[in-house]
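**Student:** Sharing a model prediction with you, sequence too.
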Amino acid sequence: MKESTYKIIEIVGTSKKSWEDAAKNAVETAARTLRDLRIAEVAALDMKIENNKVVLYRARIKLSFKYEE
């Protein structure tokens, strides 16, 4: 098996609906410009609150992708 090198970046996805959608939005948006995505790890979850109501779910994602040779 050939050795590989991977880059890990941190991105934040948002959703008005759920943390799951926020994480999915982050990965799908990153996939538009990055190739060969490997692993997505949820690093943190938080919410934006306005007038005592949750208005936005946020998911901080650590995303790895393979360096091209």
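**Tutor:** Right, received. Where do you want to start? Numbers count the residues shown, from 1 in each chain.

**Student:** Walking through this structure, point out its helices one by one.
**Tutor:** 19-30 (DSSP state H).

**Student:** what about it, any weak spots by pLDDT?
**Tutor:** Where the chain drops to pLDDT under 70, the residues are 1, 69.

**Student:** so what's Ala40 up against?
**Tutor:** Ala40 is in contact with Ala23, Ala26, Val27, Ile61, Lys62, Leu63, Ser64, counting by Cβ atoms under 8 Å, 6 or more residues apart in numbering. No exception for glycine: its C-beta is placed from N, CA and C like everyone else's.

**Student:** On the strand side of things, show who the fourth one bridges to.
**Tutor:** Counting by DSSP bridges, Ile61 forms beta bridges with Ile11, Val42.

**Student:** That one and Ile39 touch, don't they?
**Tutor:** No. With contact defined as Cβ atoms under 8 Å, Ile61 does not count as touching Ile39 (9.9 Å).

**Student:** what about the two, which has more around it?
**Tutor:** Higher neighbour count among Ile61 and Ile39: Ile61, with 22 against 11, using other Cβ atoms under 10 Å.
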